[in-house]
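1. the sequence and its predicted three-dimensional model are supplied below.
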Amino acid sequence: MFEPPYTRTRAANERLRAHECDACGWVSFPEQPQFCKRCGVDASWSETRLHPRGTVRSYVVQQRLPEEFETPLPLAVMDMPQEESGEPARVYGLFTETDPADIEIGMEAEGVFRRVFDVAGLPIHSFKFTRPRGDRL
Amino acid sequence: MAGILGYGAYIPLYRIERSRIAEQYGDYAGDGETAVPGHDEDTTTMAVEAATDALTQASTDGDQIDAVFAATTSDPFVERGVAAHVAHAVGAGRDTRVGDFQGSARAGTNALLAARDALSTDADTVLVVGSDALSAPAGSAAERTAGAGAGALVFGEGDAVAALTDSGVATTGFVGRFATHEDVTDGDGRFNRERYLDAVEIAVGHLGDDSFTHAVFPAHDGGWGRKASDALGLDATLVSTFPEVGYTAAAGVFLDTAAALDTAKAGESVLLAGYGPGGCDALRIERRTAETPEMTTDEYIQSSEQLPYGKHRQFRTWGGN
Amino acid sequence: MSSETDVAVVGAGMIDFGELFEQSIDDMLAAAFRDCLDDVDKGMSPADVDAAWFGTIDIADNASSGLGLSHPTGLFEMPVTRVENACATGSSAFRSAVESVRAGNTDVALVAGAEKMRDSAAGLIEGAALDQVWRGRGVTMPAFFGLRATRHMEEYGTTREQIAKISVKNHENGAKYPHAHYRFTCDVDDVVDSPQVTYPLNLYDCCPVTDGAAATLVVSEDVVDEFTDDPIWVAGSGLSVDSFERGNDESLVGFPATEQAAGQAYEQAGITADDIDVAEVHDCFTITELVTYEDLGFCEKGDGGAFIDSGEPLLDGETPVNPSGGLLAKGHPIGATGVAQVNEIYEQLRGEAGAVQADNDPEYGLQHNIGIGRNATGSVSCVNILSRQR
Ligand SMILES: [Zn+2]
């Protein structure tokens, strides 16, 4: 987080800050709000926040990854809704603490605040996904 | 008097039976379980999870927070802090005051008292978190109970679910158990317990009202709470997360309090004795409603997954815990 | 269109793909260039070349510019451009050369592609961006494509066996193709029982890690007679990029970039998907080929499983797909892949593909790549169509 890229993206990473295109409603996350990636307009943008509970659109379970990853590692394409209203953002979601057998398309997964990796020993924090804790009682 | 608008707990999913740790070394197999942080959890992440629960119950947005105080004994960094990072994650503004309380499990109650004082000076809304992921060398006695968890309280004006109504302090300077980043030294248990009971009695003695329905005595020894209760002649329900979570130092102050608040009815009161190197703070917390957060402490305890010993060591190493 | 120059392919060269630990990228490029010059019917010398395009993603840090091609081939004092466009690098290099010739700027263009995949051992795993949050961290190549497989099975009822059949077909072809890295055959059970790499994909659903180089000579209509009486013409070309982040549900079950690139190429060629007689498509993973049938318009969306079941893409089918064995058997040296595919279509249309010759007397052949970029969030597709008729 002392490095410029992680300082620039910290609000997106930690607070799920996103931007909605005023022209077409597309949600820019985690990208910077510049030209809209859907309608192509040099748009004006409204700041918005994503809700940390998304829906799995597709997923895989990775078995072979560098040592710093815990495997098997489920990875999904998630739709994350905005806190208020509007379209969801479509993002990659890394899973944590979830048995691959418990994942299916269409399920809701909860975003939990985790250490994603370290830069020179400093943790970079953001959200990973997991089967909701309340479902594990 | 300081109103509590919300509180929350967080306990990692993973647990290990203490007997499973003991049997690795042919040691006596004690009862209970210990919470183990996941490989991607640390004091900051757990604090944020607990804070989120508390802020939700308090119906408080991050940008309403005037101060964030964080207590821990297991910050792996000498220079970095925790409170400012929790503040950022929960959406607190740039004018939010922060304070880090470390160096003793008593940092938990130190932070709570600082929050109370802030409310009477420059703050309307204060978030206080305690978070710990204790480390202990493989094979050490401390390893079996080196737990992890976090808790949070939101103080402010409005519909309080509880209130911090009184406090008493005993700063003795006595150390007892102490720890470096690498190791834990327990010292003479019976001697330490005597000094502990002495400090608790002094601190509680400063409280105006000594009738409680619930009492919490977070300590690294699961038996000390009962001794303290007896010494004080209390007729209160003892609440402790030690049997299921292990010792969680400064976080234990918040976890045990949350567990007590979960079961206390409106009008009932909780004695919190926060003890660590240096002394003891005694706090009186009164329940105003019976409202609990979305996940109770017991629900965090009940939702769990057991780890084998090797995996538990790997997770502690990965997370720097 | 009348001011444009028609473009012909007059020579194709490539080396045997494989784990070429004893060859440097320079060795491979020189061999492919030599093989390509020798392939020209009436002969060609390096002095005939006016400009060159060099496709490589430079995975082994060998070549940072066009100079990486100049050194092994001796092609200096001319425009040499390095092209990098993810896994569509080779086909993009070809397309760039074609466009230059078509515009009348170049008479004789060399396209060369090469990749030393085995000089760094990390292979596919390196695709998992490690230092990105929300943008491709931990997303390996099999994950990127496997995400389409899980969704395709859920949405269209595509079966694991149908996906596996693509590996069976391509290994069957590859066993007959002399330049292929892997020349063994397998059955559906072998694929389904091979070790899981990334659910739902197993080892035999994945292309190997392969070294290789290929070269193609592209000339204008003005000089084509100097080199051959039997040229193959470039009928159309398309290139497009897209990203799943744009929220189009089609990108969960396929690649809109392929559809867009193919649309451009068909339009330029004045044909439709039905006119394609043979194709070399991007099968880095089995599922990639299955969704590509749909994206190229060989079948309806969702019918990729039925299409392989029908036998149409088999070597003796109506539209053979990947007679060379595809990336699954032949290998995928990224910069060389698209160039080699163009060469294979060139040989198919000239009837020179030997044991893997399509027996439908192909008139039109299509070459396709799909690459992933920007930390596995986007895709880039290039499609080139060759024809026997000018
Ligand atoms: Zn827009």
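-> Sure, I can see it.
2. tally of neighbours for the residue lying closest to residue C:280 once chain neighbours are set aside?
-> Nearest residue to residue C:280 in three dimensions, chain neighbours excluded: residue C:341, at 3.8 Å (C-beta to C-beta, 6 or more residues apart in numbering or on different chains). The way it works is simple: take the backbone N, C-alpha and C, and place the C-beta from them, glycine included. Residue C:341: 31 surrounding residues under other C-beta atoms under 10 Å in any protein chain shown.
3. kindly report the same for residue B:188.
-> By other C-beta under 10 Å, the residues close to residue B:188 number 10.
4. which residues touch it?
-> Listed by C-beta atoms under 8 Å, 6 or more residues apart in numbering or on different chains, the contact set of residue B:188 is empty.
5. now swap in residue B:246 and tell me
-> Residue B:246 sits next to B:18, B:32-35, B:134, B:144-148 when contact means C-beta under 8 Å, 6+ apart.
6. so which of the residues you listed is the most crowded?
-> residue B:148 (34 neighbours).
7. what's the separation between the nearest residue to residue A:119 once chain neighbours are set aside and residue B:165?
-> Among residues not flanking residue A:119 along the chain, residue A:3 sits closest, at 5.8 Å (C-beta to C-beta, 6+ apart). Per C-beta to C-beta, to the nearest Å, residue A:3 is found 46 Å from residue B:165.
8. next step: the contacts of residue B:246 restricted to strands.
-> B:33-35, B:148 (DSSP state E).
9. out of the helices and strands in chain B, which is least certain?
-> One helix or strand of chain B scores below all others by mean pLDDT, DSSP states H and E: helix B:309-318, with a mean of 89.
10. what's that helix packed up against?
-> Packed against helix B:309-318 by the contact rule (3 or more C-beta pairs under 8 Å, 6 or more residues apart in numbering or on different chains; DSSP states H and E) you find strand B:14-17, helix B:18-24, strand B:33-36.
11. up against chain A, what does the stretch 151-300 of chain B have?
-> Residues of the stretch 151-300 of chain B found near chain A (C-beta under 8 Å from any C-beta of the partner chain) are B:294-295, B:299-300.
12. at 6 Å what do you get?
-> With C-beta under 6 Å from any C-beta of the partner chain as the criterion, the stretch 151-300 of chain B comes near chain A at residues residue B:299.
13. which helix or strand contains the residue in the stretch 151-300 of chain B positioned nearest to chain C?
-> Of all residues in the stretch 151-300 of chain B, the one sitting closest to chain C is residue B:152 (24.5 Å; C-beta to the nearest C-beta). Here residue B:152 sits within strand B:148-156, counting by DSSP states H and E.
14. what sits against residue C:95?
-> By C-beta atoms under 6 Å, 6 or more residues apart in numbering or on different chains, the contact set of residue C:95 is C:237, C:382.
15. try it again at 8 Å.
-> Neighbour list for residue C:95: C:237, C:239, C:382, C:384 [criterion: C-beta under 8 Å, 6+ apart].
16. what's the single longest strand in chain C?
-> Max-length strand for chain C by DSSP E is strand C:232-243.
17. hmm, that one touching chain A?
-> Yes - Strand C:232-243 is in contact with chain A by C-beta under 8 Å from any C-beta, via residue C:243.
18. ranking the contacts of residue C:95 by neighbours, who comes first?
-> residue C:382 (33 neighbours).
19. so how far is chain A from it?
-> Going from residue C:382 to chain A by C-beta to the nearest C-beta, to the nearest Å gives 21 Å.
20. that residue touches residue C:338, doesn't it?
-> Yes - taking contacts as C-beta atoms under 8 Å, residue C:382 lies within contact range of residue C:338: 6.7 Å.
21. need the residues touching each of those two.
-> By C-beta under 8 Å, 6+ apart, the residues touching both residue C:382 and residue C:338 are C:88, C:91-92, C:369.
22. which of those sits closest to chain A?
-> Among these, residue C:88 lies closest to chain A (C-beta to the nearest C-beta), at 19.7 Å.
23. settle this for me: the closest one is touching residue C:382, isn't it.
-> Yes - taking contacts as C-beta under 8 Å, residue C:88 lies within contact range of residue C:382: 4.1 Å.
24. any shared contact partners between the two?
-> Common neighbours of residue C:88 and residue C:382 (criterion: C-beta under 8 Å, 6+ apart): C:239, C:338, C:369.
25. chain A contacts on the stretch 1-150 of chain C?
-> Residues of the stretch 1-150 of chain C lying close to chain A by C-beta under 8 Å from any C-beta are C:124-125, C:128, C:130-131, C:133-140, C:142-143, C:146-150.
26. 7 Å instead?
-> C:125, C:128, C:130-131, C:133-140, C:143, C:146-147, C:150 (C-beta under 7 Å from any C-beta of the partner chain).
27. closest to residue A:82 among those residues?
-> Taking C-beta to C-beta as the measure, residue A:82 lies nearest residue C:134 of these, at 15.7 Å.
28. what is the neighbour count of the residue of the stretch 1-150 of chain B found nearest chain C?
-> Proximity of the stretch 1-150 of chain B to chain C (C-beta to the nearest C-beta) peaks at residue B:40, 11.8 Å away. Neighbour count for residue B:40, taken as other C-beta under 10 Å: 23.
29. just to revisit the earlier point, which one of the helices and strands packed on helix B:309-318 is the most hemmed in?
-> Greatest average neighbour count among the helices and strands packed on helix B:309-318 goes to strand B:33-36 (a mean of 26), per mean count of other C-beta atoms under 10 Å in any protein chain shown.
30. and chain A, is that one touching that?
-> No - figure legend: strand B:33-36 not in contact with chain A (C-beta under 7 Å from any C-beta); closest approach 11.4 Å.
31. check which helices and strands that strand sits against.
-> Applying 3 or more C-beta pairs under 7 Å, 6 or more residues apart in numbering or on different chains; DSSP states H and E, we find strand B:33-36 packed against strand B:14-17, strand B:148-156, helix B:309-318.
32. what helices and strands are in contact with the first one?
-> In terms of contacts (3+ C-beta pairs under 7 Å, 6+ apart), strand B:14-17 is packed against strand B:33-36, strand B:305-306, helix B:309-318.
33. tell me which strands it pairs with, and in which orientation.
-> strand B:33-36 (antiparallel), strand B:305-306 (parallel) (DSSP bridges).
34. hmm, back to that, and which of the contacts of residue B:246 is nearest to the ion?
-> In terms of C-beta to the ion, no member of these lies closer to the ion than residue B:148, at 44.0 Å.
35. am I right that that closest one is in contact with residue B:250?
-> No - using C-beta atoms under 7 Å, residue B:148 makes no contact with residue B:250, being 11.9 Å away.
36. identify the contacts common to those two.
-> Taking C-beta atoms under 7 Å, 6 or more residues apart in numbering or on different chains as the contact rule, residue B:148 and residue B:250 both touch residue B:132.
37. how much space between the closest residue to residue B:302 other than its chain neighbours and residue B:301?
-> Nearest residue to residue B:302, sequence neighbours excluded (C-beta to C-beta, 6+ apart): residue A:137, at 5.2 Å. The gap separating residue A:137 from residue B:301 is 10 Å, by C-beta to C-beta.
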